[in-house]
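Enquirer: I'd like to go over a predicted model; first the sequence, then the structure.
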Amino acid sequence: MATQRILDFLATRRPNGPCLVVDLDVVRDNFRAFEKAMPESKIYYAVKANPAPEILRLLAAMGSSFDTASVAEIEMAMDAGAPAERISFGNTIKKERDVARAFELGIRLYAVDSVEEVEKVARAAPGSRVFCRVLADGEGAEWPLSRKFGCVPEMAVDVLRHAKSLGLDAYGVSFHVGSQQTDLSAWDRALGDAKMVFEKLAAEGIALGMVNMGGGFPTRYLKDVPAAQAYGQAIFEYLSKHFGNNIPETIIEPGRGMVGNAGVIRSEVVLISKKADNDNVRWVFLDIGKFGGLAETMDEAIRYPIVTSRDADEKSPCVLAGPTCDSADVLYEKAPYPLPLSLTIGDEVLIEGTGAYTTTYSAVAFNGFEPLRSYVI
Ligand SMILES: *Cc1c(COP(=O)(O)O)cnc(C)c1O
């Protein structure tokens, strides 16, 4: 949340306009908490959550590996000091020329979820390790990932068999249980599917060696979430349940859980108004909205804690909206947000838990608003 270092930075630097401030000490603590909670798993930080060079450098120096989705992200991780052996090309939808470029850069670990993609990887990155992503239902996640990535476990068997026949190393299975996942049993179901793929291929003489358990580890917004330790313990129990004494190598890919609580957005109230004299809901417009970095408020999925200097005063429900001229730029309306009655135009508000999926979602110049500025301290 807003650490003293973040508050001091804002008080002394007084940056103009909305901005994100990320405290690296929190990222460091999060990395250590993951290491401690899941000592047997390799950590591949999901770069898309926040690719700030300072964050990537810190994690590279701490020994983290990186989950990337494009050549640009691979290069960012390498520039931050990560060797190619610690980088996975985890997007199941890649141009063949990007696979070729990644191969040139030394990347040897690729995600696939179709035989069509396997063909590309076999041509452009011969002999590499591939893992096949299986669908997960996303139930229990506040930001589910839909059916865009992954295939049914039965198809994963075909995909990995095909990979092997083309000279690739059929290395393992991956899944992502959905982002901000607070239901631990989601990993139980997904590990059961992974085990099925292991067994079917073992029966054909193909021995897989790795399960990539993806991201989904939650950060704290308004509600408490289980700590990393609780996740680690539950996941270890599910691994034992499904794999017995033969637990394979495992990978985790935290994004939100690594950086979400490390960042705070400082914003300003631009207008407080009503649509009719007898409305009891006020409209509060901030200088940041869906297009300035708060895209995860889509469908009111992620509800950020909002802190003002008047929080001791009586509150009433408000519709919260962004500054652009797009009518979709409303953050919370179905479930109005309680804000102090004394809140005034020009007041500062802090939007907490915004270290993940904010700068990367911010538009370049919609309506002339600058992309979200970020300071990593
Ligand atoms: C986005 C993504 C992640 C990170 O997910 P979080 O829910 O932020 O932890 C991990 N793995 C893959 C393949 C992803 O696309």
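Expert: Yes, it's here.

Enquirer: the helices in the stretch 101-250 of the chain, which residues?
Expert: 115-124, 153-165, 185-203, 228-243 (DSSP state H, counting those that start in this stretch).

Enquirer: let's have those helices in a markdown table, adding mean pLDDT.
Expert: Listed next are these as a markdown table, based on pLDDT from 0 to 100:
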| stretch | mean pLDDT |
| --- | --- |
| helix 115-124 | 98 |
| helix 153-165 | 98 |
| helix 185-203 | 97 |
| helix 228-243 | 96 |
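
Enquirer: so Gln229 is in contact with Glu35, correct?
Expert: No: counting by C-beta atoms under 8 Å, Gln229 does not reach Glu35; the two are 11.6 Å apart. In this view, the C-beta of every residue, glycine as well, is placed from N, C-alpha and C.

Enquirer: of those two, which one has the most company?
Expert: Glu35 (17 against 12; other C-beta atoms under 10 Å).

Enquirer: can I assume the more buried one is in contact with Ile43?
Expert: Yes: Glu35 lies in contact with Ile43 (C-beta under 8 Å); the separation is 6.8 Å.

Enquirer: quick one: closest of the helices of the stretch 101-250 of the chain to Arg303.
Expert: Nearest to Arg303 among the helices of the stretch 101-250 of the chain is helix 185-203 (20.2 Å), distances taken as C-beta to C-beta.

Enquirer: wait, does the closest one contact the ligand?
Expert: No: using C-beta under 6 Å from any ligand atom, helix 185-203 stays clear of the ligand, coming no nearer than 11.5 Å.

Enquirer: what residues does the stretch 201-350 of the chain have near the ligand?
Expert: So the stretch 201-350 of the chain meets the ligand at Gly214, Gly215, Gly216, Phe217, Glu253, Pro254, Gly255, Arg256, Gly257 (C-beta under 6 Å from any ligand atom).

Enquirer: so what does the first one look like in phi/psi?
Expert: Put plainly, it is Gly214. Backbone torsions for Gly214, taken as degrees, to the nearest 10, come to phi 60, psi -160.

Enquirer: without its sequence neighbours, what residue ends up closest to it?
Expert: His176 (3.5 Å; C-beta to C-beta, 6 or more residues apart in numbering).

Enquirer: for the one you found, what are its contacts?
Expert: Arg133, Ala136, Leu145, Phe149, Gly150, Gly214, Gly215, Gly216, Glu253 (C-beta atoms under 8 Å, 6 or more residues apart in numbering).

Enquirer: and the stretch 51-200 of the chain, which of its residues are near the ligand?
Expert: Asp67, Gly90, His176, Ser179.

Enquirer: can you report phi and psi for whatever residue of the chain ends up closest to the ligand?
Expert: Nearest to the ligand in the chain, going by C-beta to the nearest ligand atom, is Gly215, at a distance of 2.3 Å. Per-residue torsions, Gly215: phi -100, psi -150 (degrees, to the nearest 10).

Enquirer: thought it was touching Val259?
Expert: No: judged on C-beta under 8 Å, Gly215 makes no contact with Val259 at a distance of 11.3 Å.

Enquirer: what is in contact with the two at once?
Expert: By C-beta under 8 Å, 6+ apart, the residues touching both Gly215 and Val259 are Ala49.

Enquirer: look at the two and report which has more neighbours.
Expert: A side-by-side neighbour count of Gly215 and Val259, using other C-beta under 10 Å, places Val259 first with 30 against 27.

Enquirer: wait, that one sits on Gly355?
Expert: Yes: the pair Val259 / Gly355 is scored as a contact, 4.1 Å apart, by C-beta under 8 Å.

Enquirer: how many residues are close by Gly138?
Expert: 19.

Enquirer: brain fart, Glu348
Expert: 12.

Enquirer: for it, give me its contacts.
Expert: Glu348 is in contact with Arg266, Ser267, Glu268, Val269, Thr308, Ser309, counting by C-beta under 8 Å, 6+ apart.

Enquirer: so after whichever strand or helix holds the first one, what's the next helix or strand?
Expert: Read that as Arg266. Using DSSP states H and E, Arg266 maps to strand 263-273. Using DSSP H and E, the helix or strand that directly follows strand 263-273 along the chain is strand 282-286.
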